[in-house]
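**Student:** Here is my input; please provide its structure:
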Amino acid sequence: EGADVLRINRLRMSFGASGAQGGIISNGVGYFLLLYYSQVLGLDPALAGLAMMISMIVDAISDPLIGRWSDRFSHKLGRRHPFLFASVLPIPILYFLLWDVPELDQTGLFFYLLIVTILLRLSITLHSIPFNSLLPELTSDYDERTKLTTTRIASAWFSGCLVSVLMYGWWLADTAAYPDGSGIMRAEGYVAAGGTTAVVIFLCLGFAAFSTRRYIPELSRPKLTGTSVKDSLRQMRKTLVERNLLAIFVCGLFGAVATGTYNSLWPYMQSFFWNFDTQQLSIMMASQVIAAVMAFSLMPLLTRQREKKGVYLLLSVVSALVVTAPVFLRNIDLFPSSQSELLFPLMLLMGVVEVMLFIMTSALLVSMMADVTDHRAVETGLREEGLLFSVESFISKVSAGVGVWIGGLILSAVSFPRDANSTDIDTLVLSDLGWIYAILLLIVYGLSILGLLAFRLNRSEHSQNISSLDADATDFHTLAKPSHRD
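**Tutor:** A predicted model of the protein is given here:
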């Protein structure tokens with residue numbers, strides 16, 4: 001039992017490191033990229049969003065191909081680790097270049113953002129899909145998978161929130177030259193943050209790759225069937241249209257759109273709609289670290305002996321209400337005003353709850369994806385974790401890509417001024433921003449919830465799938481130690 005505890009703790013550290021680097025990148029792209037390129041560098045927000053959308057289209061093609069490649073890749077380091085090691089350097093370098101931007105005109109800025117973003121996202125794919133694909137092979141336990149995914153996603157939010165605290169409290173803090181909340185316009189702060197966080201990203205990627213190397217002998221080897229390209233594409237299509245996978249895809253896609261839109265417009269909503277200064281924003285981000293701890297602690301209690309689908313649906317409904325209700329109430333004058341002493345602590349509490357719910361729903365969705373891989377292995381006799389987790393990878397990138405795109409469209413639709421202070425913006429513009437933001441998020445949350453209703457796998461069926469795979473263990477060298485099985 002002591003060995004089992006040591007093993008799971010080591011895995012949690014590895015998953016935590018992977019999550020941390022992902023959280024830093026997602027936080028930078030999701031929260032600050034649109035603000036930096038549109039307000040500081042002067043790129044039209046619609047063009048910034050277009051660049052992210054184009055890069056997402058590239059992802060839609062590259063993610064399943066890289067996933068399939070890693071499923072069939074044969075190397076002495078196994079199927080996944082050659083990709084993990086190959087991503088260690090490109091990701092931090094490209095992330096830094098995203099912020100260290102040369103002086104360019106509108107066209108130059110657009111193509112610079114487009115090219116760097118495409119290369120960065122391709123490099124991220126080399127890590128995210130192979131690493132996430134390790135999950136079903138490292139443990140088959142229904143609840144343990146949720147614990148590991150919660151660790152990864154909680155670590156992502158923890159690190160992302162920590163960076164935001166430093167952004168608002170240090171790199172983008174108000175100065176004599178940038179007073180009264182205008183510290184967010186400091187271009188040099190974004191560059192300094194990009195350089196520092198790139199080093200941390202490098203260390204996390206290296207640790208995640210090297211710390212899981214010890215498990216390579218436990219992982220399955222590819223089945224070289226000699227199928228033609230046509231047959232391979234047909235098998236990919238058959239896998240990708242599987243009912244449970246489609247349910248996760250639709251649910252995750254719209255959930256990612258909601259999260260991405262929330263993230264990309266967060267600085268605008270907090271700085272302009274709610275009129276908080278950079279010190280208050282820093283406190284808000286610091287408090288959200290608590291959310292990661294709460295999610296990590298509460299998730300086992302919520303999911304114990306319960307179905308993942310039911311817990312996810314409940315948390316999603318609560319999340320939709322928590323995110324949109326304050327905005328609706330503010331626009332009809334039923335919420336504390338900017339002058340009220342209640343506003344800041346109330347929004348502080350709301351922010352913690354919002355992030356906690358985001359972490360929990362994200363972790364549940366990834367855990368359900370791991371269960372689908374076993375279901376497909378029973379049906380097809382193939383281990384296709386890479387192909388299946390390419391869907392999860394694509395969903396996570398949609399959060400940033402579509403979020404920035406929609407955020408840019410919303411800002412353009414309400415004629416939000418560039419290079420503006422919170423006191424300079426017409427109240428009608430802010431009201432329109434609030435209405436569109438809240439209504440859109442409510443619709444997208446609803447579509448996400450409807451999507452998961454088609455998901456059919458449950459705890460009992462998962463146990464049957466694991467039993468079937470165990471019975472054929474000679475052909476499926478994919479499951480971890482026996483103590484980790486249902």
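**Student:** What's the first helix or strand after the lowest-mean-pLDDT helix or strand in the chain?
**Tutor:** One helix or strand of the chain scores below all others by mean pLDDT, DSSP states H and E: helix 229-240, with a mean of 71. Downstream of helix 229-240, the first helix or strand assigned by DSSP states H and E is helix 243-268.
**Student:** mean confidence score for that next one?
**Tutor:** When pLDDT is averaged along helix 243-268, the result is 90.
**Student:** Does anything pack onto that helix? Which helices or strands?
**Tutor:** Using 3 or more Cβ pairs under 8 Å, 6 or more residues apart in numbering; DSSP states H and E, the elements in contact with helix 243-268 are helix 308-331, helix 343-380, helix 385-413, helix 427-452. C-beta coordinates here come from the backbone N, C-alpha and C atoms, glycine included.
**Student:** could you give the angle of the next helix or strand after that helix to helix 243-268?
**Tutor:** The helix or strand immediately downstream of helix 243-268 is helix 278-287, counting by DSSP H and E. For helix 278-287 against helix 243-268, the angle by axes from the mean of the first three to the mean of the last three Cα atoms, to 10 degrees is 150 degrees.
**Student:** relative to helix 343-380, how tilted is helix 278-287?
**Tutor:** Using the same axes, to 10 degrees: helix 278-287 against helix 343-380 is 40 degrees.
**Student:** Quick check: buried residues in helix 278-287?
**Tutor:** 278, 280, 281, 282, 283, 284, 285, 286, 287 (16 or more other Cβ atoms under 10 Å).
**Student:** Could you measure from the residue nearest to residue 274 when sequence neighbours are not counted over to residue 23?
**Tutor:** Among residues not flanking residue 274 along the chain, residue 347 sits closest, at 6.3 Å (Cβ to Cβ, 6 or more residues apart in numbering). Relative to residue 23, residue 347 is positioned 22 Å away (Cβ to Cβ, to the nearest Å).
**Student:** More neighbours: which of these two?
**Tutor:** residue 23 (26 against 21; other Cβ atoms under 10 Å).
**Student:** Can you say which helix or strand has that one in it?
**Tutor:** With DSSP H and E as criterion, residue 23 is part of helix 2-27.
**Student:** Quick check: next helix or strand after that helix?
**Tutor:** helix 34.
**Student:** Show me what that next one is packed up against.
**Tutor:** helix 45-72, helix 385-413.
**Student:** if we go to 10 Å?
**Tutor:** helix 45-72, helix 243-268, helix 385-413 (3 or more Cβ pairs under 10 Å, 6 or more residues apart in numbering; DSSP states H and E).
**Student:** now those helices in a markdown table, with distance to residue 440 and mean neighbour count?
**Tutor:** Shown next, in a markdown table, are the helices and strands packed on helix 34 (distance: least, Cβ to Cβ, whole Å; neighbours: other Cβ atoms under 10 Å):
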| stretch | distance to residue 440 | mean neighbour count |
| --- | --- | --- |
| helix 45-72 | 14 | 21 |
| helix 243-268 | 7 | 24 |
| helix 385-413 | 7 | 26 |
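**Student:** With distance to residue 198 as extra columns, can I get these in JSON lines?
**Tutor:** Formatted as JSON lines, the entries for the helices and strands packed on helix 34 read as follows, by distance: least, Cβ to Cβ, whole Å:
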{"stretch": "helix 45-72", "distance to residue 198": "19"}
{"stretch": "helix 243-268", "distance to residue 198": "20"}
{"stretch": "helix 385-413", "distance to residue 198": "17"}
